[in-house]
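**Student:** Sequence first, then the predicted structure, then my questions.
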Amino acid sequence: MSERPGHDIPVQTLPSWRRAVLKVGSNLLAADGGGLTARHAEALARFIESSRHAGRQVVLVSSGAVAAGRAQLRVHAPSGSDIAARQALAALGQAPMIALWQSLSPRPVAQVLLTHDDLRNRRRYLNARATLRELLALDVLPVVNENDTVAVDELKLGDNDNLAAIVAALVDADLLLIASDIDALYSADPRRDTSAVPIAHVTALTPEVLAMAGGSGSAVGTGGMRTKLEAAAKAAAAGIPTALFNGRDSATVEGLARDRLQGTLIDAARTRMQARKYWLRHAPAAPGRIHVDAGAARALAGGRASLLPGGIVQVSGEFHRGDLIEIVDGQNKPVARGICQYGANESRRLAGQHSREIEPLLGYSYGDEVVHRDDLTTLGDTEITEEVRA
């Protein structure tokens, strides 16, 4: 929906970011006669590439597979909302959807299919995050989509908006960008209420703000403003602000590259680091513990070190890869909490060893660190004081 005269949206500065997740709805990719078009995707692809040249990283969450699949079958495409048929269309449309983005990108594009179950399970969560981080390190553009061929509930709900928020937390993004065919969040549905005005800045997603959202307005998409606000709420809880904007307006998209937003900015509840540390500090931990030597305890207390196998003295209790565990010193005093890359039995075998011995000992490796510093929070008095002040 293009902006209505008399309802100008003020331009504002985007929050500082180095890594963002960009969600693109199917209504921006669907061609009028069926299939996919690069008409609006071109400007978005240029934004992704200009961000890359500025030293930034973008993970793309793209819809459009069902619309592409329907066009592949043309007159034989099933109509209606039968779930099995839509899953078949999604499977058929994945290839042309990825091909569209590859045609617009000068660097390799990688397809990553996820369901919410992949991200609820901590071990699969870690695997997904490791894959996405490696793709970014390899200067590859990850294109994430729901695995619609198996995600029945998500496909029915059109939940790529919420998936984008979860992916933003997964990759430790600084910003969630949601591109759709409407300029901003409005005070009411502008298609039905001529008095509706755009809301440029939302400091908190109150029930009153959520009530402003209407249903889906697209024949090809399955999500509406409500799911976008739900996604923004998830991102805000993870310390990530969200920007909603019109992906059909090339000037708006070009402005993003200059950190200028003409749309709606939804603030985060707290900083990303505060949100993550709060979760690591207060979420229920597995019953097992890792006991470390004095040197490792001092390094972890500094707040910038990962836990390496060499610092482990003993492992007590049981836990699995992806569990949140406590790390204690020689006096059994907790010094840190973090997400463990290895299970209890694996950690016992690695205790006291050099990181280069991980693969020879286990036959595989999830990385040099037993607990990576990005997944760890210290429990020192200074950090507790800083958290209270925040």
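**Tutor:** Everything's here; your move. All figures in this text were calculated on a predicted structure; none of them were measured in a lab.

**Student:** my read: residue 59 touches residue 167, true?
**Tutor:** Yes - here residue 59 reaches residue 167: they are 6.2 Å apart, a contact under C-beta atoms under 8 Å. For glycine as for every other residue, the C-beta is placed from the backbone atoms N, C-alpha and C.

**Student:** Could you name every residue contacting both of these two?
**Tutor:** Shared contacts of residue 59 and residue 167 (C-beta atoms under 8 Å, 6 or more residues apart in numbering): 21, 132, 144, 173.

**Student:** With respect to residue 341, which of those residues is nearest?
**Tutor:** Checking the shared contacts of residue 59 and residue 167 against residue 341 by C-beta to C-beta gives residue 132 as the nearest, at 15.7 Å.

**Student:** tell me which residues of the helix or strand hosting the closest one are tucked away?
**Tutor:** Using DSSP states H and E, residue 132 sits within helix 122-137. Within helix 122-137, the residues that count as buried by 16 or more other C-beta atoms under 10 Å are 122, 124, 125, 126, 128, 129, 132, 133, 135, 136.

**Student:** residues contacting the fifth one?
**Tutor:** In this case it means residue 128. 112, 114, 118, 119, 170.

**Student:** next one: residue 269
**Tutor:** Neighbours of residue 269 in contact, by C-beta under 8 Å, 6+ apart: 204, 236, 237, 239, 275.

**Student:** Now do residue 197: how many residues are near it, please.
**Tutor:** By the criterion of other C-beta atoms under 10 Å, residue 197 has 15 neighbours.

**Student:** Wait, it touches residue 184, no?
**Tutor:** No - if you go by C-beta under 8 Å, residue 197 and residue 184 don't touch, sitting 9.4 Å apart.

**Student:** picking that back up, from the shared contacts of residue 59 and residue 167, which is closest to residue 32?
**Tutor:** So of the shared contacts of residue 59 and residue 167, ranked by how close each gets to residue 32 (C-beta to C-beta), first place is residue 144, at 26.3 Å.

**Student:** what are the phi and psi angles of residue 364?
**Tutor:** Backbone torsions for residue 364, taken as degrees, to the nearest 10, come to phi -160, psi 170.

**Student:** Could you check how many residues crowd around it?
**Tutor:** Residue 364: 8 neighbours (other C-beta under 10 Å).

**Student:** Can you give me the distance of it to residue 341?
**Tutor:** 12 Å (C-beta to C-beta, to the nearest Å).

**Student:** rewinding a little: helix or strand right after the helix holding residue 132?
**Tutor:** Going down the chain from helix 122-137, the next helix or strand is strand 141-146, by DSSP H and E.

**Student:** Specify the angle between that next one and helix 122-137 in degrees.
**Tutor:** For strand 141-146 against helix 122-137, the angle by axes from the mean of the first three to the mean of the last three C-alpha atoms, to 10 degrees is 150 degrees.

**Student:** Name the strands paired with strand 141-146 and say parallel or antiparallel.
**Tutor:** strand 57-62 (parallel), strand 109-114 (parallel) (DSSP bridges).

**Student:** outside of that strand, which residues touch it?
**Tutor:** Here strand 141-146 makes contact (C-beta under 8 Å, 6+ apart) with 48, 58-63, 65, 94, 97-98, 101, 105, 107-115, 132, 135-136, 154-155, 159-160, 163-164, 167.

**Student:** Quick one: mean pLDDT for it?
**Tutor:** The average pLDDT for strand 141-146 rounds to 92.

**Student:** what's the answer for stretch 370-387, then?
**Tutor:** On average, stretch 370-387 scores 68.

**Student:** try stretch 124-138
**Tutor:** For stretch 124-138, the per-residue pLDDT averages 90.

**Student:** Okay, domains of the chain per the record?
**Tutor:** Listed by automatic domain parsing, the domain ranges of the chain are 12-269, 276-389.

**Student:** in the stretch 151-300 of the chain, which spans are strands?
**Tutor:** Listed in chain order, the strands of the stretch 151-300 of the chain (DSSP state E, counting those that start in this stretch) span residues 175-180, 185-186, 198-199, 201-202, 242-246, 260-261, 263-266, 289-292.

**Student:** ok so, going back, nearest to residue 13, out of the contacts of residue 128: which one, please.
**Tutor:** Ranked by distance to residue 13 (C-beta to C-beta), those are led by residue 170 at 26.1 Å.

**Student:** what about that closest one, neighbour count?
**Tutor:** When neighbours are counted by other C-beta under 10 Å, residue 170 comes out with 22.

**Student:** pretty sure it is touching residue 131, no?
**Tutor:** No - applying C-beta under 8 Å as the test, residue 170 and residue 131 come out as separate, 10.2 Å apart.

**Student:** which residues touch residue 311?
**Tutor:** Neighbouring residues of residue 311 by C-beta under 8 Å, 6+ apart: 292, 293, 295, 296, 297, 299.

**Student:** ok, those residues vs residue 348, which is closest?
**Tutor:** Out of the contacts of residue 311, the member with the shortest distance to residue 348 (by C-beta to C-beta) is residue 292, at 13.5 Å.

**Student:** so how far is stretch 336-355 from its chain's centroid?
**Tutor:** 27 Å (C-alpha atoms, centre = their mean, to the nearest Å).

**Student:** Now tell me what touches stretch 90-107 from outside.
**Tutor:** With C-beta under 8 Å, 6+ apart as the test, stretch 90-107 has contacts from 29, 35-36, 38, 41-42, 45, 48-49, 52, 60, 62, 64-73, 108-109, 111, 113, 139-141, 143, 145, 148-149, 155.

**Student:** With just CA atoms, put it into CSV.
**Tutor:** Coordinates of each C-alpha in stretch 90-107 appear next as CSV, following Å, rounded to 0.1, in the frame of the first residue of the first chain:
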residue,chain,number,x,y,z
ALA,A,90,6.1,-24.8,-1.1
ALA,A,91,8.5,-27.7,-2.0
LEU,A,92,8.1,-26.9,-5.7
GLY,A,93,8.7,-23.2,-5.2
GLN,A,94,11.8,-23.3,-3.1
ALA,A,95,14.2,-23.6,-6.1
PRO,A,96,12.8,-20.6,-8.1
MET,A,97,12.6,-18.5,-5.0
ILE,A,98,16.3,-19.1,-4.2
ALA,A,99,17.2,-18.7,-7.9
LEU,A,100,15.6,-15.2,-7.8
TRP,A,101,17.8,-14.1,-5.0
GLN,A,102,20.9,-15.7,-6.5
SER,A,103,20.2,-13.8,-9.8
LEU,A,104,20.3,-10.5,-7.8
SER,A,105,23.3,-11.3,-5.7
PRO,A,106,27.0,-11.1,-6.8
ARG,A,107,28.0,-13.5,-4.1
